[in-house]
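# Give the three-dimensional model of this entry:
(one chain, ligands or ions: 2)
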Amino acid sequence: MSVKKESILSSPVTSLKGVGSKVAEKLARINIRTVQDVLFHLPLRYQDRTRILPAGSLQSGMEAVIEVQVDHAEIAFGRRRMLLVHVSDGTGALLLRFFHFSAAQKNNLKSGTRLRCFGEARQGKHLLEMIHPEYSVLQNESQPVEDTLTAIYPVTEGLHQLSLRKISEQSLQTAAEIKDWLPDNILQSLNLPSLREALQIVHRPSPEVELSRLLEGTHPAQQRLAFEELLAHQLSLIKLREKASLNPAVPLQGDGKLRSQFLTNLPFDLTAAQQRVVLEIECDSNQSFPMMRLVQGDVGSGKTVVAALACLQAIEMQQQAALMAPTEILAEQHFKNFSAWFGKLGINVAWLSGKQKAAERREMLAKIIAGEMMMVVGTHALFQNEVTFNNLAMIVIDEQHRFGVHQRLALQEKGKKINLFSHQLIMTATPIPRTLAQTAYADLDLSVIDEFPPGRQPVTTVAMPNSKRAEVISRVTHACENGEQCYWVCTLVEESDALQCEAAENTYATLQAAFPQLNIGLVHGRMKSQEKEKTMQDFKNNKINLLVATTVIEVGVDVPNASLMIIENAERLGLSQLHQLRGRVGRGSKKSACVLMYQPPLSENGKKRIQAMRETNDGFRIAQIDLELRGPGELLGTKQTGILQFRIADLARDKALIPDVVKAAKIIMKEHPQIVNPLIERWLGEKIEYQRV
Ligand code: ADP
Ligand code: MG
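Ligands and ions are numbered 1, 2, ... in the order given. Predicted coordinates:
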């Protein structure tokens, strides 16, 4: 029985009275295809048509129902022909104004006719007016008023409120039978209404409802819907994960010899946090199903050695490992590090990049497929079809937030060649607030490197208006003359690469002319990679004092001796990006500083970002503030990942629900497995496969 009712909910909107293919087409434009979609299409706001107000009590801007009698109706011929209807109810008088009308309409509005009108009162020249009010002629005295508030829905061109209201009315009747999958004890413990009640309240609230909460989206009825939606997403991720754990992978239980030799060669000991994460990775990849682990560690927390150890686990088993980075500069740096580290262990490291010469690339590809190269480092060039591995068992993706969905999926396929899946390790320096991570990445295991290598000092951050540029320049030269190394980051609001490079070139030329005694370098995205690499190497070897750069240096670049960073146009950058950039300094034991240059006046948001940068060096704190300022979509790069597209839930607004969602999901998986699929079906439908990212 209930299954049948559910199927009514999932039937197309055309099953509703008055919905033909034309209307269905319009509804589809706002993503309404089924009866259930109508129910989940929530009102934007509400009108109160439950009371009749005295005309004399109206004020400009009020929407109200009035009952009046026509005193006089006339057609006025001004610039536009219009119908003017003077009405009153004994408490006050009002003018109704119509631009579109028929002769019959006017004839029906004879003096003495009683009307019920709804509209917004506006101050006219002499009287309050209603322009094109909805009205009906009163025949008998006892025409009822509405008993609930009237929902105003988001619509699209050619789709009228009234028809949407009728459609939702019918859908609500169907919803009387809607199945509440959530167990009573969960609902009761959260103090949330049933699904049916929630829908009723949201679409047809009683006049006594707490309207302000309803308008904010924080009314328990809306929270009930958001909760169920978040729960369905959570369950779908858990299911995906269960499914993924059925895939076979090589358990990486090597003898540990390469790993211990690698650790012995390092000039430092791992931090406790690094050790813990390495252990977590080892436990996962010892299994015969693929690891899917996300490592979060703030900039400079030392993720690279952790990645290297994961790769060595594969290599100890005579399996290949691949490390991918989002930019050429970062990939090259990893290649250098890995070549140096693994060279000492007798392991060949291959290099793949889009800018590589064809002959060199061919040679690399041949060696990779032959299994001569056990470690492969590169940019997204690693994803290309022509790249075939011999036996890829470990994939490390650095800074995954910069990779698109398809790239990541393509890579997973790489390991599948011989029907074994690769273990996957994803590393990100963009810490995602815990609540968000729990929802967005419920299909991944999470590790956090929450400790910095010893001796690090927090970076002191100051803000300077552009008018103090001379001061900033003198600070830079002073620092350089004292043997410090500095970055000067040129940014532009336009995402145009060319313009950014031009700005960097200009700044470079100006600084060079002004300070012939300094060694100044330049890197930007449009330079040849050899040139770029040479400059980076010179900077690393302290042959360059001042490095002028575009935001290409944002991710991962590691020069521990650099201790001062100037960021131009800081007010135009997002918080996370600023934090990433700043993370290039303060990587050694030197006291470091960051100067944020800006053009006053700052926007409210710009002020808050710069304030946050000055207040804290904590990546998690910054991510939290970023979440509040920008919302989760931006933070996670929703456009890329396709996740977190909710109909009703809003992670920023509903984040307080997440701990309960996570808890409920666990209980349901264990105690009520039969409701998992119906819930996922209800909220995600065909989108389930899309979630697989
Ligand atoms: P990120 O997490 O930003 O990728 P890196 O892996 O680049 O950080 O590490 C930053 C710097 O810290 C590097 O110079 C690295 O060699 C160094 N480092 C990493 N781990 C430690 C440690 N346990 N002790 C001291 N220095 C370390
Ligand atoms: Mg890094």
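# How many residues are close by L27?
Neighbours of L27 under the rule other CB atoms under 10 Å: 26. C-beta coordinates here come from the backbone N, C-alpha and C atoms, glycine included.
# scratch that, E208
8.
# Stretch 669-682: how far from the chain's middle?
Relative to its chain's centre, stretch 669-682 lies at 26 Å (CA atoms, centre = their mean, to the nearest Å).
# go on, stretch 42-54?
35 Å.
# Just the endpoints, please. Distance across it?
End-to-end distance for stretch 42-54, by CA to CA, to the nearest Å: 31 Å.
# got it, and stretch 314-328?
Its first and final residues considered, stretch 314-328 spans 25 Å by CA to CA.
# which residues of this structure score low on pLDDT?
Applying pLDDT under 70 to the chain flags residues 1-6, 141, 400-413, 415-418, 431, 492-498, 500, 554-556, 631-645, 686-693.
# let's see it at 50
Low-confidence segments of the chain (pLDDT under 50): 1-3, 405, 637-643, 688-693.
# Return the distance of the longest helix seen in the chain from the chain's centre.
Criterion DSSP state H: the longest helix present in the chain is helix 220-244. Between the centre of helix 220-244 and the centre of its chain there are 17 Å (CA atoms, centre = their mean).
# Which strands or helices does that helix pack on?
Here helix 220-244 touches helix 195-203, helix 434-440, helix 658-671, helix 676-684, going by 3 or more CB pairs under 8 Å, 6 or more residues apart in numbering; DSSP states H and E.
# element containing the spatially closest residue to L58 that is not a sequence neighbour?
Spatial nearest neighbour of L58, excluding adjacent residues (CB to CB, 6 or more residues apart in numbering): A121 at 4.3 Å. Using DSSP states H and E, A121 sits in strand 114-123.
# so how far is that strand off the chain centroid?
How far strand 114-123 lies from its chain's middle: 44 Å, per CA atoms, centre = their mean.
# the domain parsing of the chain - what is it?
Domain assignment of the chain by automatic domain parsing yields the ranges 13-46+153-216, 51-145, 257-449, 459-616.
# closest to ligand 1 out of the ones you listed?
Shortest distance between ligand 1 and these, using CB to the nearest ligand atom, is found for domain 257-449: 2.9 Å.
# Can you give me the first-to-last residue distance of the closest one?
End-to-end for domain 257-449, by CA to CA: 24 Å.
# Identify each buried residue in stretch 566-578, please.
Judged by neighbour count using 16 or more other CB atoms under 10 Å, the buried positions of stretch 566-578 are I566, I567, E568, N569, A570, E571, R572, L573, L575, S576, Q577, L578.
# got it, and stretch 267-277?
L270, T271, A273, Q274, R276, V277.
# So the first one: helix, strand or coil?
Pointing back at L270 there. What DSSP: H, G, I helix; E, B strand; the rest coil gives for L270 is coil.
# One more: the fourth one?
Using three-state DSSP, the secondary structure recorded for Q274 is helix.
# Surely L159 and K26 touch.
Yes - between L159 and K26 there is a contact under CB atoms under 8 Å: 4.6 Å.
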